[in-house]
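Chemist: For reference, the sequence and a predicted model appear below.
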Amino acid sequence: MTTETESAYTPAQLEALAADAARELEEASAQEIMRWAAETFGRRLAVTSSMEDAVVAHLASTALPGIDVIFLDTGYHFVETIGTRDAVAATMPVNVITLTPRQSVAEQDAEYGPRLHDRDPDLCCKLRKVEPLNRGLAGYDAWATGLRRDESPTRANTPVVAYDPKRQKVKIAPIARWTQEDVDAYVAANGILLNPLLFDGYASIGCSPESCTRRVLEGEDARSGRWAGAGKTECGIHL
Ligand code: SF4
């Protein structure tokens with residue numbers, strides 16, 4: 001159900017909408033935030049999912065059945081992640097859209113050399129995540145993500161609604177204020193699909209190379225297993 005309609009908003013209007021909503025919805029529930037987003041943007045709203053779990057996809061589908069759920073297939077995912085995507089597509093009232101990079105892994109290896117993720121993960125993420133997402137979001141006014149303030153110090157100030165000036169879109173984080181306990185309670189109450197790797201020591205699931213995703217140790221924050229030791233904390237789509 002990709003969007004073919006023209007945007008009803010100019011970038012300046014989107015920015016003003018986001019500023020008002022950030023103030024008005026800071027204390028709102030995740031469900032209220034998603035309802036506002038669905039009513040405001042309709043089919044020009046999408047959700048992105050790493051397929052770590054289907055929490056935000058579920059929240060979004062209750063506000064807007066059939067909503068587009070965007071998955072970035074980097075070519076480096078764990079098979080469990082691809083399986084979770086397929087299960088979400090088969091069982092939930094959402095429209096899963098898989099975005100792929102311009103180059104296959106083999107083509108990237110030929111141009112940049114093998115294992116770019118070990119040598120220059122910022123460039124690898126730019127080619128395999130940021131560029132495809134920027135392309136994929138072109139037909140939307142707003143996108144919702146599963147960012148949470150308690151995931152890491154770098155996400156501690158995540159607004160529930162913000163304007164993303166680089167993409168000229170409204171960015172919504174309906175569960176920004178949730179704790180891990182809130183997530184667990186929602187998962188249990190709604191039978192939410194989870195990536196099986198969450199039961200195998202992984203707390204934040206990205207690409208499969210060891211330099212990109214490893215299991216977390218006791219006491220570490222959820223995202224400490226991402227690009228561990230590389231001085232990198234985000235892939236770039238949330239910067
Ligand atoms: S997470 Fe790793 S493999 Fe995936 S796009 Fe980023 S650097 Fe490349």
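Modeler: Now that the structure is in, tell me what you want to look at.
Chemist: Can you dump the C-alpha atoms of the strand or helix carrying Thr84 in CSV for me?
Modeler: Thr84 is part of helix 79-91, with elements assigned from DSSP states H and E. Output of helix 79-91 as CSV, limited to C-alpha atoms (Å, rounded to 0.1, in the frame of the first residue of the first chain):
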residue,chain,number,x,y,z
VAL,A,79,18.3,-15.7,9.3
GLU,A,80,16.2,-15.2,12.4
THR,A,81,15.7,-11.6,11.5
ILE,A,82,14.5,-12.5,8.0
GLY,A,83,12.3,-15.1,9.5
THR,A,84,10.8,-12.6,11.9
ARG,A,85,10.1,-10.3,9.0
ASP,A,86,8.3,-13.1,7.1
ALA,A,87,6.3,-14.0,10.1
VAL,A,88,5.2,-10.3,10.6
ALA,A,89,4.2,-10.1,7.0
ALA,A,90,2.2,-13.4,7.1
THR,A,91,0.4,-12.8,10.4
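Chemist: Grab the nearest non-local neighbour of Gly146.
Modeler: Distances taken as C-beta to C-beta, 6 or more residues apart in numbering put Val56 closest to Gly146, at 4.3 Å, once the chain neighbours are dropped. C-beta coordinates here come from the backbone N, C-alpha and C atoms, glycine included.
Chemist: tell me the contacts of the one you found?
Modeler: 47, 49, 144-146, 174-175 (C-beta atoms under 8 Å, 6 or more residues apart in numbering).
Chemist: Stretch 166-180: end-to-end distance?
Modeler: End-to-end distance for stretch 166-180, by C-alpha to C-alpha, to the nearest Å: 30 Å.
Chemist: Now do that stretch: everything it contacts.
Modeler: For stretch 166-180, the surrounding residues in contact (C-beta under 8 Å, 6+ apart) are 11, 14, 17-18, 21, 30-31, 33-34, 37, 41, 45, 55-56, 59-60, 134, 137, 140-150, 158-164, 182-183, 186, 222.
Chemist: list the buried ones in that stretch?
Modeler: 167-178 (16 or more other C-beta atoms under 10 Å).
Chemist: Rebuild those residues as JSON lines, extending it with pLDDT, distance to Leu64 and secondary structure.
Modeler: Shown next, in JSON lines, are the buried residues of stretch 166-180 (pLDDT from 0 to 100; distance: C-beta to C-beta, whole Å; DSSP: H, G, I helix; E, B strand; the rest coil):
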{"residue": "Arg167", "pLDDT": "93", "distance to Leu64": "20", "secondary structure": "coil"}
{"residue": "Gln168", "pLDDT": "95", "distance to Leu64": "21", "secondary structure": "coil"}
{"residue": "Lys169", "pLDDT": "97", "distance to Leu64": "16", "secondary structure": "strand"}
{"residue": "Val170", "pLDDT": "98", "distance to Leu64": "15", "secondary structure": "strand"}
{"residue": "Lys171", "pLDDT": "97", "distance to Leu64": "17", "secondary structure": "strand"}
{"residue": "Ile172", "pLDDT": "98", "distance to Leu64": "12", "secondary structure": "strand"}
{"residue": "Ala173", "pLDDT": "98", "distance to Leu64": "17", "secondary structure": "coil"}
{"residue": "Pro174", "pLDDT": "98", "distance to Leu64": "12", "secondary structure": "coil"}
{"residue": "Ile175", "pLDDT": "98", "distance to Leu64": "16", "secondary structure": "coil"}
{"residue": "Ala176", "pLDDT": "97", "distance to Leu64": "19", "secondary structure": "coil"}
{"residue": "Arg177", "pLDDT": "97", "distance to Leu64": "21", "secondary structure": "coil"}
{"residue": "Trp178", "pLDDT": "97", "distance to Leu64": "20", "secondary structure": "coil"}
